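Participant: Pasting a predicted model and its sequence here:
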Amino acid sequence: MPTAMDVAVAVCRKRAWCAVRRKMFANMFVARMLALVALAGTVTARAKLADARIYVDVAPESEELGEIEKRYTKELMKELKSASDDALLLFSEYASRSGGDLKIFLKNISMLNSDTKNSMDRSLLDNAPSSCRAQFERRLRKIEFDAHRAASFNAENHHKFLLAHMIVLRMHLNKSEDYIKKCANIVQGCGIPCETTPKVTRWRRLALEEINRVRDDILHSRRSYRDLVLHGRRRHNHIRRQATARADAAVTELAECAKSGGTQNKDEDII
């Protein structure tokens, strides 16, 4: 039979063992809590780092895509329309100048008959025989007709030159428009991403090359048109001087015809 002393020792040992176990469980609980706290801190730090990377890595709208969109329909079509308007304005401007110069010349040359009669001795015309006066009138009308024909022929050639330049410019503009329409048909279905396809990029580049070629041709054509207008004015001055000289010769022949009594009958000269 265990004695009281043995029972007391057993109870003390059991209590000591229970205390050790409680302390061990407490330490394990603290360790687990510390591990959970550390894990939570790590997760939080990683989440913050991930968030920071997201904000850093997200870039604004790509400049390449913006430039593609800019050069595709809106800006490229604006460039095409601007080049077309410039070409038409150039043709209209110099065609208007040439037409205005021709109109002024024809108006002035139409007054050659009356100007010649007003500047000559009226008694010579009044006292000349009827045959001499009729011949004089025919010569003045022939001079005026020849001047009209020469000026109109010169203006027609200049207009053909202007029109030929305009036709060439229009051919390049039409090619550019065809390329842009091809791009529009493809991009209409899938949008901006299709702008990066090789085919669309090539068509867009060819369209821009045609527009730039038109702009270069406009610069050269402007100088050519300016020279053409100056040449037309010099040609008008030459025809006017030639017609005036022929009119003076007609007055001289009228005086000779009047002196001979109307027997002189020469054919009209030619420019």
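Facilitator: Cool, got the structure. Numbers count the residues shown, from 1 in each chain.

Participant: use CA for all of it now, contacts and neighbours both
Facilitator: Noted.

Participant: and the next element down the chain from the lowest-mean-pLDDT helix or strand in the chain?
Facilitator: None of the helices or strands of the chain scores lower by mean pLDDT, DSSP states H and E than helix 63-69, at a mean of 44. Once helix 63-69 ends, the next helix or strand along the chain (criterion: DSSP states H and E) is helix 75-109.

Participant: C-terminal to that next one, which secondary structure element comes first?
Facilitator: On the C-terminal side of helix 75-109, the closest following helix or strand by DSSP H and E is helix 112-119.

Participant: can you give me the angle that following helix makes with helix 75-109?
Facilitator: Inter-element angle recorded for helix 112-119 and helix 75-109: 40 degrees (by axes from the mean of the first three to the mean of the last three Cα atoms, to 10 degrees).

Participant: what is the rounded mean pLDDT of helix 112-119?
Facilitator: For helix 112-119, mean pLDDT rounds to 87.

Participant: ditto for stretch 175-185
Facilitator: Here the average pLDDT along stretch 175-185 is 87.

Participant: What residues of that stretch count as buried?
Facilitator: By 16 or more other Cα atoms under 10 Å, the buried positions in stretch 175-185 come out as 176-177, 179-181, 183-184.

Participant: so which strand or helix has Arg241?
Facilitator: Secondary structure (DSSP H and E) places Arg241 in helix 198-259.

Participant: and that helix, what does it pack onto?
Facilitator: helix 75-109, helix 112-119, helix 122-127, helix 130-190 (3 or more Cα pairs under 8 Å, 6 or more residues apart in numbering; DSSP states H and E).

Participant: Report all helices and strands that the third one contacts.
Facilitator: With contacts defined as 3+ Cα pairs under 8 Å, 6+ apart, the packing partners of helix 122-127 are helix 198-259.

Participant: The helix it packs on to helix 112-119, inter-axis angle?
Facilitator: Using the same axes, to 10 degrees: helix 198-259 against helix 112-119 is 40 degrees.

Participant: Could I get the contacting residues of Asp217?
Facilitator: Residues near Asp217 by Cα atoms under 8 Å, 6 or more residues apart in numbering: Leu169.

Participant: How about the one 4 residues further on?
Facilitator: The neighbours of Ser221, taking Cα under 8 Å, 6+ apart as the test, are His165.

Participant: Just the buried positions in stretch 228-248, please.
Facilitator: 228-229, 232-233, 235-236, 239-240, 243-244, 246-248.

Participant: Save those as JSON lines, and put in pLDDT too.
Facilitator: Shown next, in JSON lines, are the buried residues of stretch 228-248 (pLDDT from 0 to 100):
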{"residue": "Leu228", "pLDDT": "88"}
{"residue": "Val229", "pLDDT": "90"}
{"residue": "Gly232", "pLDDT": "92"}
{"residue": "Arg233", "pLDDT": "92"}
{"residue": "Arg235", "pLDDT": "93"}
{"residue": "His236", "pLDDT": "94"}
{"residue": "Ile239", "pLDDT": "94"}
{"residue": "Arg240", "pLDDT": "94"}
{"residue": "Ala243", "pLDDT": "94"}
{"residue": "Thr244", "pLDDT": "92"}
{"residue": "Arg246", "pLDDT": "93"}
{"residue": "Ala247", "pLDDT": "92"}
{"residue": "Asp248", "pLDDT": "92"}
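
Participant: For the closest residue in space to Arg222 that isn't next to it in sequence, give its distance to Phe105.
Facilitator: Leaving aside its sequence neighbours, Arg222 sits nearest to Leu90 (Cα to Cα, 6 or more residues apart in numbering; 7.1 Å). Per Cα to Cα, to the nearest Å, Leu90 is found 23 Å from Phe105.

Participant: Also Glu209?
Facilitator: Relative to Phe105, Glu209 is positioned 42 Å away (criterion: Cα to Cα).
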